[in-house]
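Asks: Predicted model, plus sequence, below.
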Amino acid sequence: MNKDKSLINFKKAQTHISKITKMIEDGEYCIDIMQQNLAVIGLLKSAHQMLMEDHLNTCFAKAMSTSIKSS
């Protein structure tokens with residue numbers, strides 16, 4: 001199920017964000033911080049896409065079928 005996969009991505013992103021915060025506090029190299037930031041962006045985009053796909057396949061499909069039946 002995509003919801004499980006998206007949850008994993010959110011947890012990974014959370015871990016990366018903690019790492020980014022520490023890197024900034026420690027004054028680490030900007031490019032290294034930006035690489036971690038891009039990883040978070042990728043994880044969040046992927047999670048968003050999976051959630052949208054689940055929504056379209058469940059909630060939206062149900063709403064459409066209900067709407068068609070009532071017409």
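Replies: Received the coordinates, thanks.
Asks: wait, isn't N9 in contact with H48?
Replies: No - counting by C-beta atoms under 8 Å, N9 stays clear of H48, with 9.0 Å between them. C-beta here means a position set from N, CA and C on the backbone, and glycine is covered the same way.
Asks: Return the helix or strand in this protein with minimum mean pLDDT.
Replies: In the chain, no helix or strand scores lower on mean pLDDT, DSSP states H and E than helix 61-70, which sits at a mean of 76.
Asks: Which parts of that helix count as buried, going by neighbours?
Replies: Buried residues in helix 61-70, counted by 16 or more other C-beta atoms under 10 Å: none are found.
Asks: Any stretches of this protein with poor pLDDT?
Replies: For the chain, the stretches flagged by pLDDT under 70 are 70-71.
Asks: Helix, strand or coil: sort out E28 for me.
Replies: Three-state assignment for E28 (DSSP: H, G, I helix; E, B strand; the rest coil): coil.
Asks: how many other residues sit next to it?
Replies: Other residues lying near E28 total 14 when counted by other C-beta atoms under 10 Å.
Asks: ranges for the helices of this protein?
Replies: 2-25, 30-55, 61-70 (DSSP state H).
Asks: Just the CA atoms of the shortest one, as PDB, please.
Replies: Below are the C-alpha coordinates for helix 61-70, written out as PDB (Å, rounded to 0.1, in the frame of the first residue of the first chain):
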ATOM      1  CA  ALA A  61     -13.000   6.900  -7.300                       C
ATOM      2  CA  LYS A  62     -15.600   6.300  -4.600                       C
ATOM      3  CA  ALA A  63     -17.000   9.800  -4.900                       C
ATOM      4  CA  MET A  64     -17.200   9.500  -8.700                       C
ATOM      5  CA  SER A  65     -19.000   6.100  -8.600                       C
ATOM      6  CA  THR A  66     -21.500   7.600  -6.000                       C
ATOM      7  CA  SER A  67     -22.000  10.600  -8.200                       C
ATOM      8  CA  ILE A  68     -22.600   8.500 -11.300                       C
ATOM      9  CA  LYS A  69     -25.100   6.200  -9.500                       C
ATOM     10  CA  SER A  70     -27.100   9.100  -8.200                       C
END
